[in-house]
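>>> Predicted model, plus sequence, below.
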Amino acid sequence: MSTGKVGSVGFCLGSKLAYFMATRTDADANVSYYGVDIEKNLAEATKIQKQLR
């Protein structure tokens with residue numbers, strides 16, 4: 001059974017990708033641990049519409 005919801009989890013470089021999932025897609029939830037170079041893309045944080053943990 002599926003709820004139809006999508007999420008992402010990432011560590012290190014994958015964490016940056018999870019951050020971009022939160023800023024650039026309509027994924028339902030995203031988890032970002034120890035993101036690499038996220039500080040260079042903080043302006044994109046205003047685009048986050050759903051959960052980023």
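Thanks, I have the structure now. Residues are numbered from 1 along each chain as shown.
>>> What residues does residue 50 make contact with?
22, 26, 27, 28, 29, 30 (Cβ atoms under 8 Å, 6 or more residues apart in numbering). The C-beta positions use only the backbone N, C-alpha and C, and glycine is treated the same way.
>>> Give me the helices and strands touching the helix or strand hosting residue 8, please.
Counting by DSSP states H and E, the element that carries residue 8 is strand 7-11. On a contact count with 3 or more Cβ pairs under 8 Å, 6 or more residues apart in numbering; DSSP states H and E, strand 7-11 meets helix 13-24, strand 29-33.
>>> List just the one of the ones you listed that sits closest to residue 44.
helix 13-24 (4.1 Å; Cβ to Cβ).
>>> Assign residue 43 to helix, strand or coil.
helix (DSSP: H, G, I helix; E, B strand; the rest coil).
>>> residues contacting it?
Applying Cβ under 8 Å, 6+ apart, no residues contact residue 43.
>>> circling back: dump the helices and strands packed on strand 7-11 to CSV, plus mean pLDDT, mean neighbour count and distance to residue 4.
Formatted as CSV, the helices and strands packed on strand 7-11 follow (pLDDT from 0 to 100; neighbours: other Cβ atoms under 10 Å; distance: least, Cβ to Cβ, whole Å):
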stretch, mean pLDDT, mean neighbour count, distance to residue 4
helix 13-24, 92, 19, 16
strand 29-33, 91, 18, 13
